[in-house]
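**Student:** structure for the following, please:
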Amino acid sequence: MLPISQYKTILFDCDGVVLNSNFLKIEAYRLTALEFGASKEDAMRLVNHHIEFTGISRNIKFAYFLENILKKPVDESSMNHLLRQLNIEVERLLENCDIAEGLEKLREKTKQAHWMIVSGGDQEEIIRLFSRKSLLKYFDVGIFGSPDSKEEIVARELKKTTGQPPALFIGDSKYDYQVAKKNNLDFIFLSDWTNFFEWKHFCKENNIKVHQKLDDLNR
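**Tutor:** Got it, this is the predicted structure:
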């Protein structure tokens, strides 16, 4: 692991890293399922699936919800309805969520590096939210998210001149680590806002460097 000032590319997950939004997203999935007509039990089954596969595209989660939980066809009308409703709930709930401290200081500390967001959240939704919160200025490469998967985004962006090594991925989920490892990226796990309840065991088992919050990287 290099000093952070030596990386040329830094990739950030969004939920649980830049924004304290993981548990708000959980509530958004629950409310979306209920609005769709699911029982409380089936809504919680979707929530548990979402938590287990944090970072995976919502399109994949809703396909699972329709096919495996509700035993309904995965049709365009249902998918569009679910995606639209989740978008409404997320934007409403995340409007006042906490932003990671130390972003500006870290940007100055790593001014030689290209920054990008690599999220499982909806790309346009994140762009709108970051615009309202004046966060776009930090991420010179861009904000990337669903419907593309993190694997697709990282593989694509690392081929560009703005994705040169050495590169670091900062995340808060098992999936983030798996994507980083698959692409030979250094990885830091942030623990304060994660919804990955087994993170201590997982990070110890895989010898993953852990910090509590983003601002710790400024020390």
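**Student:** in contact with the spatially closest residue to Leu103 that is not a sequence neighbour, which residues?
**Tutor:** The shortest distance from Leu103 to any non-neighbouring residue, by Cβ to Cβ, 6 or more residues apart in numbering, is to Tyr138 (5.8 Å). Any C-beta I mention is one placed from the backbone N, CA and C, and that applies to glycine too. By Cβ atoms under 8 Å, 6 or more residues apart in numbering, the residues touching Tyr138 are 103-104, 107, 115.
**Student:** backbone phi and psi for Tyr138, please?
**Tutor:** Main-chain torsions, Tyr138, degrees, to the nearest 10: phi -80, psi -30.
**Student:** before we move on, back to that, which members of the contacts of Tyr138 are the farthest-apart pair?
**Tutor:** Maximum pairwise distance in these, criterion Cβ to Cβ, is 12.0 Å, between Glu104 and Trp115.
**Student:** out of the two, which sits in the busier spot?
**Tutor:** Trp115 (20 against 11; other Cβ atoms under 10 Å).
**Student:** SS state for that one?
**Tutor:** Look at Trp115: counting by DSSP: H, G, I helix; E, B strand; the rest coil, its state is strand.
**Student:** now it: how far from His201?
**Tutor:** 30 Å (Cβ to Cβ, to the nearest Å).
**Student:** buried residues, stretch 86-98. List them.
**Tutor:** Residues 86-87, 89-90, 93-94, 97 are the ones in stretch 86-98 that count as buried (16 or more other Cβ atoms under 10 Å).
**Student:** no, scratch that, I was asking about stretch 142-156
**Tutor:** For stretch 142-156, burial by neighbour count (16+ other Cβ under 10 Å) applies to 142-146, 148-150, 153-154.
**Student:** what about the helices in this protein?
**Tutor:** Ranges of helices in the chain, per DSSP state H, are 22-36, 40-52, 58-64, 76-94, 103-109, 123-132, 150-157, 174-182, 199-205.
**Student:** got JSON lines for these, with distance to Ile10 and mean pLDDT too?
**Tutor:** Shown next, in JSON lines, are the helices of the chain (distance: least, Cβ to Cβ, whole Å; pLDDT from 0 to 100):
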{"stretch": "helix 22-36", "distance to Ile10": "20", "mean pLDDT": "96"}
{"stretch": "helix 40-52", "distance to Ile10": "26", "mean pLDDT": "96"}
{"stretch": "helix 58-64", "distance to Ile10": "25", "mean pLDDT": "94"}
{"stretch": "helix 76-94", "distance to Ile10": "23", "mean pLDDT": "95"}
{"stretch": "helix 103-109", "distance to Ile10": "9", "mean pLDDT": "97"}
{"stretch": "helix 123-132", "distance to Ile10": "16", "mean pLDDT": "94"}
{"stretch": "helix 150-157", "distance to Ile10": "12", "mean pLDDT": "95"}
{"stretch": "helix 174-182", "distance to Ile10": "12", "mean pLDDT": "96"}
{"stretch": "helix 199-205", "distance to Ile10": "19", "mean pLDDT": "97"}
